[in-house]
Structures are given as structure tokens and as C-alpha cells.
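> below: sequence and its predicted model.
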Amino acid sequence: MATEYDTIIDAALGEITDRRLHEMAECDKGQVMTAHLKAAMADFAFVALRSGGYDLGKYDDTLRQIEDDLDNEAIHILALGVIAHWSNAKLFNANLYRNAMNTKDFQQFAPANLLGALDALNSRINRQYRQRVINWSYERAVDD
């Protein structure tokens, strides 16, 4: 059996509260989230293959599925990876916006105050993502 992209993406979307993302047209949102999923699959591929026997390199974009039947924990690790990549892109865009404005204008702009909070959140998400992958790998090694 296979794991559908939408299973992983829906798990990620359940954790993301960005109104603009949820208001996007479904086809656009699907493209954005699929790109983040592909990045998460690339991150997790080596560990997934070595520790769990999942070959994330075997997928079908037409059917929008990974050929292996992933367990719930692997699905949630990939969902967290999608969130991490989405958060990285969000932070990158905020930094580009800040760089496009001069410092005085940016400091007076209300969302500028959110940049520090967004950076802290991004760091926390990425740490949590890396730790989940490491823990998953170690748990599989102990089980063998």
C-alpha cells in the first residue's frame, strides 16, 4: 500500500495557522505544500531507508503518493518537515522584505516586530524536526 501526499500535507496543515496559506486556492496551496513535502522527503530519505526501510525516493507525482506504506510516526516526521520548510520560506520572505526597506521604515512597520518571534519559532520548529528524525532513527536501531 502507498502513502498519499495529502495524508502528510493534511497533517502539516492542521498545525499551521497562517490565514493566507489557508485562503489560497487549493491548486496553489497543493503546489506549495507539495514542494515543501519533497524537500522534507529529501531531508528524511537516508534515515528513513536505513532505519525504517522506507524508500522515499520511490514516489509517483501523478498519483501523488509515496510507494511505501509509512507508519504514523514517519508521516508526522514528514509533516513536521513540511512545516519546517514552510517556516523557513516564511522567514526568508520576511527577511527579504526587511532588506528591501530601510531600517527606520522597517522598525516603524508593525509586522517588523514579528520578525524576531518568527525567527525564534522557526528555530524551534527546525530543532524539533531534527530531534524527531534523530529519535526515530535511534528507536529503530534499538529495536533491531
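That came through, no problem.

> tell me where the protein has helices.
Taking DSSP state H, the helices of the chain run over residues 5-13, 19-23, 26-47, 72-100, 103-108, 112-143.

> now do the fifth one, average pLDDT.
Over the span of helix 103-108, the pLDDT mean works out to 56.

> what of the longest one?
Mean pLDDT, taken over the full extent of helix 112-143, equals 81.

> by contact count, what packs against it?
On a contact count with 3 or more C-beta pairs under 8 Å, 6 or more residues apart in numbering; DSSP states H and E, helix 112-143 meets helix 26-47, helix 72-100. C-betas here are computed from N, CA, C, even on glycine.

> mind listing what residue 128 touches?
Shown in contact with residue 128 (C-beta atoms under 8 Å, 6 or more residues apart in numbering): residue 80.

> separation between it and residue 77?
Using C-beta to C-beta, to the nearest Å, residue 128 is found at 10 Å from residue 77.

> now do the residue nearest the centre of the chain, the pLDDT please.
The residue lying closest to the centre of the chain (C-alpha atoms, centre = their mean) is residue 82, at 1.5 Å. pLDDT recorded at residue 82 is 96.

> can you pull the contacts of it?
Residues near residue 82 by C-beta under 8 Å, 6+ apart: 8-9, 12, 33, 36-37, 40.

> one more pass at 6 Å, please.
With contacts defined as C-beta atoms under 6 Å, 6 or more residues apart in numbering, the neighbours of residue 82 are 12, 36-37, 40.

> figure out how far stretch 82-89 is from the centre of its chain.
Remark: stretch 82-89 is offset 5 Å from the chain centroid, using C-alpha atoms, centre = their mean, to the nearest Å.

> quick check: chain neighbours aside, which residue is closest to residue 89?
Nearest residue to residue 89, sequence neighbours excluded (C-beta to C-beta, 6 or more residues apart in numbering): residue 36, at 7.5 Å.

> same check, this time on residue 34
That would be residue 5: by C-beta to C-beta, 6+ apart, it lies 6.0 Å from residue 34.
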